[in-house]
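Q: Fold the following, please.
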Amino acid sequence: MNVNLSIKEVPDALALRLRARAERHHRSLQGELMAIIEQAVADEPAAVGRAFEPAAATQATRQQGWKTVEQLMAERRASGWQPHPSLKGLPLAVDIIRADRDSR
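A: As a prediction, the model looks like this:
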């Protein structure tokens, strides 16, 4: 069961700062507010608020987050993933961008 929350009479300056923060994190305003709330309750002792929380919701909250490209690639390699053989020998995107930048 999901619960809808609302905050009334948010000052314009605060709303603008929240929107800017959401944009910096590449999230919607709703997503940014959810991330702030999740971070705030993550600091609470485990017993507080857990009595009424389904285990699935707790697990989903723990799995959200950001990973670096290096972390994602390490996970892919650990699972045995290999790039398709037809890609062997092709330049990397970063090399193409650098060559373009350096040609100017």
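
Q: buried ones in stretch 14-29?
A: For stretch 14-29, burial by neighbour count (16 or more other Cβ atoms under 10 Å) applies to Ala22. C-betas here are computed from N, CA, C, even on glycine.

Q: Actually, stretch 30-47.
A: So, applying 16+ other Cβ under 10 Å, buried residues of stretch 30-47: Glu32, Leu33, Ala35.

Q: out of these, which are inside helices?
A: Using DSSP state H, the members of these that fall within helices are Glu32, Leu33, Ala35.

Q: With distance to Ala15 and pLDDT as extra columns, can I get those in a markdown table?
A: A markdown table is the format used below for these (distance: Cβ to Cβ, whole Å; pLDDT from 0 to 100):
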| residue | distance to Ala15 | pLDDT |
| --- | --- | --- |
| Glu32 | 11 | 90 |
| Leu33 | 11 | 92 |
| Ala35 | 16 | 89 |
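
Q: Throw those into TSV and include distance to Arg104, thanks.
A: Formatted as TSV, these follow (distance: Cβ to Cβ, whole Å):
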residue	distance to Arg104
Glu32	37
Leu33	42
Ala35	39
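
Q: Go through the buried residues of stretch 30-47 and name the one nearest Pro11.
A: Each of the buried residues of stretch 30-47 was checked against Pro11 using Cβ to Cβ; the closest is Leu33, at 15.2 Å.

Q: Now the nearest residue to that closest one once chain neighbours are set aside: which helix or strand?
A: Distances taken as Cβ to Cβ, 6 or more residues apart in numbering place Leu18 nearest to Leu33, at 7.1 Å, with adjacent residues excluded. Per DSSP states H and E: Leu18 is located in helix 12-24.
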